[in-house]
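Asks: Sequence plus the predicted model coming up.
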Amino acid sequence: MSSSQTFLAIDLGASSGRGILVTLAEGRVTMEELHRFENFKVQLGDTLHWNILWLQQQIIECLHRCATRDVELAGIGVDTWGVDFGLLDADGVLLGNPVCYRDLRTENIHDYTDPILSQDEIFRLTACDPWPISTLMQLLAMKRDGSAQLDCARHLLHIPDLFNYFLTGVMANDLSNLTTGNMVGPDCEWATELFERVGLPTQLLGGDIIAPPKRLGVLSESIQKETGLGAVPVICVAGHDTAAVVAAIPAEGDNWAFLSCGTWSILGAARDEPVAAPACLHAGFTNEYTIGGWYLCHNISGLWLINELQRHWGRDDASWDYVRMTAEAREAESGGLIDVSDASLTAPENMEQALYAVMDKHSQPRPATRGQLVRAVLESLAMEYARRLETLGELTGDRYDRLYMVGGGIANTLLCEFTALACGLPVHAGANECTAMGNALGQAMAVGTVG
């Protein structure tokens, strides 16, 4: 085996995508951004779609650049956001551009689904929160609306699996996306009983389920000809980007929790088995699958709040960048706290005024300066992390002695410090490229480079 191996991690986010070259050599990892591109949504009539053909074209561009540079790839893997999917007919033809999870078809979907089957029962059958945008809820919205496409569909592939199919011609279903979409049970088998009880076509559940990572095949002959690459292996990695993050957390032993910190924050802990007790659902926790097992997690607001403040302030004064905001927050005095879980903070037109309104609602004193407002946001996030970490321990019966923070949010060292203080635990901050790292390390496992 070569002492150096390079893997191509295709990492698609909701707003942009990247092709990352990840090289393993002499016990170390190096990463290089090969190609970055926009991912945009397209409104067609009343429906918001992903431009799946554009994304496929950009993946092909990543492969072409590898060929142009004579990069010898040991593998290719794709990860993306979760829950969204493509439907294919009996001939394997894509029936339409996949719909974006932000489409309004799932708005108030529980008003339709709750009389059919309660959320508690769906959680019991799948161990995953039946949140409004899950794959199951999107399919039920199609059923409610009398979708002809749903009647014609014979296969369902989540977005990473769809691109794997485009690249190899092999249909397979990655377990990490199936769990987050309410498509399988705690036994990792298709949730056939659930589909029968809610009246969805069970033929969508006939594909092979893969516990990642696993080698699917090689680039098809047509893709090889188009890109100039040879028969490069394509690996089914942890295709849900959160699962890829968790797979790459540099932790050893037991009794540790993780915090993936970025626009959103995800706090959780690895588990051998899902925790399907109703208390998990009622506390806002859900179970998902990653390489090697499960993790129990909770979604929390993240640096979206800071990003929106910067966007608002920066329009009038470019000096209000993240460096200045953090510096002024560090010098400011602590003030009131903010309920960062308040639904009004999801997408307000003016984040500053929305934050003030939440503070007013809870009789918290308004900050005197912008720096104090930024500090209040960071301290409030840290307190929310601590509160959710305590709940996590109650649900699992575990006591955590350290917290691993990963993701782009670790660049905000003040947030890391506040988190350590609030949680009363050592915080290990590092690995801000965990998604691509988890993608590539999964590939390396599949080809036998690492254990």
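Replies: Right, received. Where do you want to start? Numbering: from 1, shown residues only.
Asks: C-alpha only now, for contacts and for neighbours.
Replies: Will do.
Asks: Per-residue pLDDT of the residue sitting furthest away from the middle of the chain, please?
Replies: Going by C-alpha atoms, centre = their mean, the residue of the chain most distant from its centre is A368, 36.1 Å out. On pLDDT, A368 comes in at 95.
Asks: That one belongs to a helix?
Replies: No. Counting by DSSP: H, G, I helix; E, B strand; the rest coil, A368 is located in no helix; its state is coil.
Asks: and it, how far is that from D84?
Replies: Distance, A368 to D84, by C-alpha to C-alpha, to the nearest Å: 43 Å.
Asks: in the stretch 251-400 of the chain, which spans are strands?
Replies: In the stretch 251-400 of the chain, the strands defined using DSSP state E, counting those that start in this stretch lie at 256-261, 264-271, 286-290, 293-301.
Asks: what packs against the shortest one?
Replies: Secondary structure elements in contact with strand 286-290, counted by 3 or more C-alpha pairs under 8 Å, 6 or more residues apart in numbering; DSSP states H and E, are helix 175-180, helix 241-247, strand 293-301.
Asks: Also compute the angle for that strand relative to strand 264-271, please.
Replies: Here the directions of strand 286-290 and strand 264-271 differ by 70 degrees (axes from the mean of the first three to the mean of the last three C-alpha atoms, to 10 degrees).
Asks: What strands flank strand 286-290, and is each parallel or antiparallel?
Replies: Looking at strand 286-290 with DSSP bridges, its partner strands are strand 293-301 (antiparallel).
Asks: what distance separates the partner strand from the centre of its chain?
Replies: Centroid displacement of strand 293-301 relative to its chain, using C-alpha atoms, centre = their mean, to the nearest Å, is 10 Å.
Asks: What lies in contact with it?
Replies: 263-275, 284-289, 340-341, 381, 384-385, 388, 392 (C-alpha atoms under 8 Å, 6 or more residues apart in numbering).
Asks: do stretch 50-58 as well
Replies: If you take C-alpha under 8 Å, 6+ apart as the criterion, stretch 50-58 is touched by 37, 39-42, 97-100, 163.
Asks: quick one: the strands in the stretch 1-150 of the chain?
Replies: So, for the stretch 1-150 of the chain - with DSSP E, counting those that start in this stretch - the strands run 4-12, 16-25, 28-38, 41-44, 47-50, 73-79, 85-88.
Asks: Relative to D398, which of the ones you listed is closest?
Replies: D398 lies closest, by C-alpha to C-alpha, to one member of the strands of the stretch 1-150 of the chain: strand 73-79, at 30.3 Å.
Asks: and that closest one with strand 4-12, angle?
Replies: Here strand 73-79 runs at an angle of 20 degrees relative to strand 4-12 (the same axes, to 10 degrees).
Asks: So L381 versus Y322, what's the distance?
Replies: Relative to Y322, L381 is positioned 17 Å away (C-alpha to C-alpha).
Asks: Compare those two (neighbour count), which wins?
Replies: Remark: of L381 and Y322, L381 carries more neighbours, 27 against 15, as counted by other C-alpha atoms under 10 Å.
Asks: ok, the more buried one touching W304?
Replies: No. Using C-alpha atoms under 8 Å, L381 is not in contact with W304; the gap is 11.1 Å.
Asks: and P186, which of the three is it?
Replies: Per three-state DSSP, P186 ends up coil.
Asks: Name all residues that make contact with it.
Replies: If you count contacts by C-alpha under 8 Å, 6+ apart, P186 has them with 125-127, 273-274, 276.
Asks: now V377
Replies: Applying C-alpha under 8 Å, 6+ apart to V377 gives the contacts 305-306, 337-338, 340.
Asks: redo that, cut-off 10 Å
Replies: Contacts for V377 were tallied using C-alpha atoms under 10 Å, 6 or more residues apart in numbering; they are 302-303, 305-306, 329, 336-340, 355, 371, 383, 415.
Asks: Just put these in JSON lines and tack on pLDDT.
Replies: As requested, the contacts of V377 are exported to JSON lines (pLDDT from 0 to 100):
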{"residue": "G302", "pLDDT": "88"}
{"residue": "L303", "pLDDT": "91"}
{"residue": "L305", "pLDDT": "94"}
{"residue": "I306", "pLDDT": "94"}
{"residue": "A329", "pLDDT": "97"}
{"residue": "G336", "pLDDT": "92"}
{"residue": "L337", "pLDDT": "96"}
{"residue": "I338", "pLDDT": "97"}
{"residue": "D339", "pLDDT": "96"}
{"residue": "V340", "pLDDT": "95"}
{"residue": "L355", "pLDDT": "97"}
{"residue": "G371", "pLDDT": "97"}
{"residue": "M383", "pLDDT": "97"}
{"residue": "L415", "pLDDT": "96"}
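Asks: now the chain, which segments are flagged as low pLDDT?
Replies: Flagging of the chain using pLDDT under 70 yields the residue ranges 1-2, 431.
Asks: what do you get if the cut-off is 80, keeping everything else the same?
Replies: 1-2, 347, 430-432 (pLDDT under 80).
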